[in-house]
Structures are given as C-alpha cells and as structure tokens.
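S.K.: Show me how the following folds:
(one chain, ligands or ions: 1)
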Amino acid sequence: INTIGVLTSGGDAPGMNAAIRAVVRTALANGKKVKGIRRGYSGLLEEDIFDMDAYSVADIIGRGGTILYTARCAEFRTEEGQKKGAEICEKHGIDGLVVIGGDGSFQGARKLANLGINTIGLPGTIDLDIACTEYTIGFDTAVNTAMEAIDKIRDTSTSHERCSVIEVMGRNAGYIALWCGIANGAEQILITERYDFDEQAIINNIIEKRNKGKKHYIIVNAEGIGRSEELAKKVEAATGMEARATIIGHIQRGGSPTCKDRVYASMMGARAVDLLCQGASNRVVGYKEGSFVDFDIQEALSMTKDIDQYMYDMSRKLSR
Ligand code: F6P
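M.R.: Residues are numbered from 1 along each chain as shown. Now for the predicted structure:
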C-alpha cells in the first residue's frame, strides 16, 4: 500500500473526525501518503480528492460532524458507478481506502474491494444498527445528547403534570430509544423490535399510574415507530392528561463527541490502517466482547443482531 484514501458516507456521526484523524496520522506514521475524499462516494465520482497531512486533521478530535462532508450516493449503487470509482482511485494512486459509514457504505466498499481497491470499513452511525459490532462511532454521543434533552423535557412535563411522547432517532433500530428510556427512567419505551401497537395498553397504564399519584408520564418512542403527535393526541383524548410530542431530531447527530467516541473511533481508525498495511482488504472493523475485531465485509453484512432481551425485560420492570 502506498496511498490511503479516506471518506465518510451516509449520515454523519460524532467521532467521525476522530476516526479520520487516526487514519491520517497512523498512515503517515507508517510512511504512507493520505488522500481525503469529500462527500463520500459522490465526491469520489466527482474526483473531489485532496492530499492530507498531519495538520489537515489538527484540532478536529473534539468536533462533531465530519470535516470530509458526507453524502448518500445513488450513482455508486450502479455497476457503472462502482467501476468509475475504482478507476478514479487508481488514477489518484489510491490503493487502500477507509470507508467510514453504515451498512450501505460497506456495500460500496465491498464492490470496490472486488474491483481491486483494498478497502476497510469502519462502523459510523448513531443508530448502533450494524450487526457485526457492539459499538458504532457516534452512538455514545447521540444517546448522551438525547438523554440530556429528555431530562429537560421531563422537568417541564412534571411541572405541568403532562404526558410527554419523545421521539428519538435510530431509523428502524430501537437502541437509542432503549438506552434513553432506561437512562431517563421513562414510564414507557417503545422500540420497533418489540412494539405490539397496543395503544390501549399504554392508555390503561397511564391511567393506572396517575391513580397511584404519578405526576408525569414519559414515553420514549423510537423513530421507526414514529407517529408521536398522533399518539400524544390519542393519550390526551383518552386520559384527559395533557400530552405533548417532541421529536428531538438532528440535535442527536451533532455536538462534540464523548470521550468514548473519541477514543474508540481513534482505535478503529488506527486498526483500519494497520489492516491495510498488513495486506488485508474487504474487512470491516467492529467491537465485540471487549475487543476490537474485524470481519470479512460480506460476512459482516450477512450477520443479524437484536436488542438484548435481558436489557429489554429489565427496562420493563424498572419502568413499573
Ligand atoms: O442513520 C442516522 C440517522 O440519523 C437516522 O437515525 C435517521 O433515520 C436518519 O439518519 C435521518 O437521515 P437524514 O439526516 O437524511 O434525514
């Protein structure tokens, strides 16, 4: 490997900058050249490629977002787009590529690997919905941001003796909702993976808790379920308790990364470069059972994971 390219793709996540910094500085420490690619696969196809040195990544470890910008690219899903991408890598001398993103981004990385570009994927998403890993870059910051927001909503919800339906991100996955639901002591946690759409049961529970003297009722609702406004209106109509819906939204994707996101993203970035220097390709880095590991991308993409049942059952008991 002579030149390592790095790009971020899909939704941004706090900690991506720490990963980019680690890729650049580990590559330089190994005597490699580094090229940054802006706006993911879109920027690759537009040849928005520039040389990076140690100073290109100075003062970024504490910043949210991604200095490389990011995009979702439809053209790169086509065979033509992928061939063009591989040719552009070759033209710029990029023989190793680190792709920081989610499952969709890894599909692209796998295609490039098949076309002869050595690629390594790093799991970057706030959603934690990548099966091969127990940690994804950005999740820790996102849940902490959402947790703080929910604490604030809880204050006003208590003062007004209201029900608050709070929708958190996660696409189809309920990890952010479950973690926040536990951390915020929510009365209900609705996650895509377990929701039975029994709104009457929720309403009955609100009435029961109010009769026992509860002054507020917090429902943390996963984005994959959605319809938070609708649920708030139904609750208000059925219980007489004032209800408000809050969709926390993109605040969860920004902000300065937590210590964990900075350190784990740095470890993953360094490992990606080490793998490339050892001649590996078509791998994705993950974190399992206390260690950083790596898998074949195809194998990683075929894995599935589910919410921890013990954690879910515990959350139900604690919210009684
Ligand atoms: O994948 C990260 C994520 O924030 C999801 O939680 C959410 O569903 C999606 O991206 C939102 O995407 P966009 O920023 O394109 O609206």
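S.K.: What residues does the stretch 151-300 of the chain have near the ligand?
M.R.: The stretch 151-300 of the chain has residues 169-171, 223, 253 near the ligand, with proximity defined as CB under 6 Å from any ligand atom. In short, each C-beta sits where N, CA and C put it, glycine included.
S.K.: For those residues, which entry has the maximal number of neighbours?
M.R.: Per-residue neighbour counts (other CB atoms under 10 Å) across those peak at G170, which has 29 neighbours.
S.K.: What parts of the stretch 1-150 of the chain come near the ligand?
M.R.: 11, 125-127.
S.K.: Can you give me the pLDDT of K215?
M.R.: At K215, the pLDDT value in this model is 86.
S.K.: State whether it and T158 are indeed in contact, as I suppose.
M.R.: Yes. Assessed by CB atoms under 8 Å, K215 is found in contact with T158 at 5.5 Å.
S.K.: doesn't L97 fall inside a helix?
M.R.: No. Under DSSP: H, G, I helix; E, B strand; the rest coil, L97 falls outside any helix and is assigned strand.
S.K.: Tell me who's in contact with it.
M.R.: 4-7, 89, 109, 112, 117-120 (CB atoms under 8 Å, 6 or more residues apart in numbering).
S.K.: Show me those residues that map onto strands.
M.R.: Using DSSP state E, the subset of the contacts of L97 located in strands is 4-7, 118-120.
S.K.: Low-confidence stretches in this protein?
M.R.: Nowhere does the chain drop to pLDDT under 70.
S.K.: Give the other helices and strands that the longest helix seen in it contacts.
M.R.: Counting residues, the longest helix found in the chain (DSSP state H) is helix 139-159. Where contact means 3 or more CB pairs under 8 Å, 6 or more residues apart in numbering; DSSP states H and E, helix 139-159 is packed against strand 163-168, helix 175-183, strand 217-222, helix 259-277.
S.K.: can I get these in CSV with mean neighbour count?
M.R.: Formatted as CSV, the helices and strands packed on helix 139-159 follow (neighbours: other CB atoms under 10 Å):
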stretch, mean neighbour count
strand 163-168, 27
helix 175-183, 25
strand 217-222, 27
helix 259-277, 22
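S.K.: Select, out of the ones you listed, the one closest to R63.
M.R.: Shortest distance between R63 and the helices and strands packed on helix 139-159, using CB to CB, is found for helix 259-277: 10.3 Å.
S.K.: C-alpha coordinates for the closest one, PDB please?
M.R.: In PDB, the C-alpha atoms belonging to helix 259-277 read as follows (Å, rounded to 0.1, in the frame of the first residue of the first chain):
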ATOM      1  CA  CYS A 259     -14.600  10.600  25.400                       C
ATOM      2  CA  LYS A 260     -15.700   7.100  24.500                       C
ATOM      3  CA  ASP A 261     -16.500   8.100  20.900                       C
ATOM      4  CA  ARG A 262     -13.200   9.900  20.500                       C
ATOM      5  CA  VAL A 263     -11.100   7.000  21.900                       C
ATOM      6  CA  TYR A 264     -13.000   4.100  20.200                       C
ATOM      7  CA  ALA A 265     -13.100   6.000  16.900                       C
ATOM      8  CA  SER A 266      -9.300   6.600  17.200                       C
ATOM      9  CA  MET A 267      -8.700   2.900  17.900                       C
ATOM     10  CA  MET A 268     -10.800   1.900  14.900                       C
ATOM     11  CA  GLY A 269      -9.200   4.400  12.600                       C
ATOM     12  CA  ALA A 270      -5.700   3.100  13.600                       C
ATOM     13  CA  ARG A 271      -6.800  -0.500  13.200                       C
ATOM     14  CA  ALA A 272      -8.100   0.200   9.700                       C
ATOM     15  CA  VAL A 273      -4.700   1.500   8.600                       C
ATOM     16  CA  ASP A 274      -2.900  -1.400  10.300                       C
ATOM     17  CA  LEU A 275      -5.100  -3.900   8.500                       C
ATOM     18  CA  LEU A 276      -4.300  -2.200   5.100                       C
ATOM     19  CA  CYS A 277      -0.600  -2.200   5.900                       C
END
